[in-house]
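[1] sequence and predicted structure below; questions after.
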Amino acid sequence: MHSRLGVLGGGLFVVVPNGQQVDSVVTSTIGLTLMDWLHLVTLAFLLCAVAGTVLAWRWTARGGSTARAERLSHRGAWTGLAAYAATCGGLVALAACR
């Protein structure tokens with residue numbers, strides 16, 4: 001669990017500077033751009049993944065089943081990945097239709 005938290009925490013710190021770099025290149029004064037939405041969605045999904053990992057870690061630290069926590073964590077990760085891909089795909093499709 002600790003290695004997952006390290007990777008997810010690193011991912012959180014990568015999204016923010018990347019979003020700032022894109023904002024300096026893609027300037028728009030009217031609402032959020034597609035890149036802004038994609039960065040916000042990425043940040044939201046990473047925060048959910050961190051929260052889920054912390055909850056699983058706390059559950060095992062308090063005597064919960066490690067095998068069950070791993071199984072639920074893997075299911076959540078695959079479900080989150082599918083939802084993330086669908087959300088980003090939907091955002092790109094909406095932008096393409098405009």
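    Done, it's in.
[2] max-length helix in the chain?
    Among the segments of the chain that qualify as a helix by DSSP state H, the longest is helix 66-97.
[3] return the distance of that helix from the chain's centre.
    On the basis of CA atoms, centre = their mean, to the nearest Å, helix 66-97 sits 9 Å off its chain's mean C-alpha point.
[4] retrieve the pLDDT associated with the residue lying farthest from the centre of the chain.
    What lies farthest from the middle of the chain is Gly63; by CA atoms, centre = their mean that is 27.8 Å. Confidence at Gly63, expressed as pLDDT, is 89.
[5] how close does it get to Thr53?
    18 Å (CB to CB, to the nearest Å). The C-beta positions use only the backbone N, C-alpha and C, and glycine is treated the same way.
[6] for this protein, what helix or strand is lowest in average pLDDT?
    When the helices and strands of the chain are scored by mean pLDDT, DSSP states H and E, helix 2-25 comes last with a mean of 77.
[7] remind me what that helix packs against, helices and strands.
    helix 34-61 (3 or more CB pairs under 8 Å, 6 or more residues apart in numbering; DSSP states H and E).
[8] returning to that earlier point: phi, psi of the residue farthest from the centre of the chain?
    phi 100, psi 10 (degrees, to the nearest 10).
[9] burial count for Thr27?
    7 (other CB atoms under 10 Å).
[10] which SS class is it?
    Secondary structure for Thr27, judged by DSSP: H, G, I helix; E, B strand; the rest coil, is coil.
[11] now the least confident helix or strand of the chain against helix 66-97, angle please.
    Counting by axes from the mean of the first three to the mean of the last three CA atoms, to 10 degrees, helix 2-25 points 20 degrees away from the direction of helix 66-97.
[12] what number of residues lie near Leu55?
    Quick note: Leu55 (other CB under 10 Å) scores 14 neighbours.
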